[in-house]
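Colleague: got a predicted structure here, sequence first:
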Amino acid sequence: MLLMQFSAAGTDFPPIDTWTPEEIRAHVGFMGEVNAKLAADGEFVDGQGLAGPAQAKIVRAGAGGAPVVTEGPFAETKEFLAGFWIVDCDSPERAVALAAHISTAPGPGGRPLNMPIEVHPVMSAPPQEM
């Protein structure tokens, strides 16, 4: 699983809601090209952009298992999950190469954002040694 993290800390570009329509189209177009290439290569399983943190909720089980819902993630964290891909790769190195390419998504002025992309193996069962 490739996780696109957004962090306001350490970025040198403005929030996406301040980008020009052309910059947003270029960014979204890049993501569409990534998905199309992954699909053509037989590596695409799923991928989605996610709504911003203002629309996210944190849920925990309360008394009797009833949901306790709070807003979050909280703005002071300055980080949130912006999107994800589930890919079926031949090797961990290929997943890392895909993550590096996705990190080059264009931002303002067409400059690569170099956003961090986390790479996580998806486990279908506990490790054999358990």
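Modeller: Cool, the structure landed.
Colleague: ok, residue 4 - contacts?
Modeller: Taking CB atoms under 8 Å, 6 or more residues apart in numbering, we find residue 4 in contact with 81, 82, 83, 84, 102, 115, 117. All C-beta atoms are positioned from the backbone trio N, CA, C, and that covers glycine.
Colleague: same thing with residue 113?
Modeller: 11, 13, 103, 104, 105, 106, 107.
Colleague: repeat that for residue 27.
Modeller: Contact analysis of residue 27 by CB under 8 Å, 6+ apart lists 16, 19, 105, 106, 107.
Colleague: separation between it and residue 119?
Modeller: 21 Å (CB to CB, to the nearest Å).
Colleague: apart from its neighbours in sequence, what residue is nearest residue 102?
Modeller: residue 117 (5.3 Å; CB to CB, 6 or more residues apart in numbering).
Colleague: and if you look at residue 84?
Modeller: residue 3 (5.3 Å).
Colleague: that neighbour against residue 103, yeah?
Modeller: No: at 11.7 Å, residue 3 and residue 103 do not qualify as touching, with contact defined as CB atoms under 8 Å.
Colleague: mind listing the shared neighbours of these two?
Modeller: residue 117.
Colleague: identify, from the contacts of residue 27, the entry nearest to residue 45.
Modeller: residue 105 (19.6 Å; CB to CB).
Colleague: if we can go back for a sec, which residues does the residue nearest to residue 84 contact?
Modeller: So residue 3 contacts 81, 83, 84, 117, 118, 119, 120 (CB under 8 Å, 6+ apart).
Colleague: need these in TSV with secondary structure and neighbour count, can you?
Modeller: TSV is the format used below for the contacts of residue 3 (DSSP: H, G, I helix; E, B strand; the rest coil; neighbours: other CB atoms under 10 Å):
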residue	secondary structure	neighbour count
81	strand	14
83	strand	18
84	strand	17
117	strand	22
118	strand	12
119	strand	16
120	coil	11
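Colleague: I appreciate the help and will end here.
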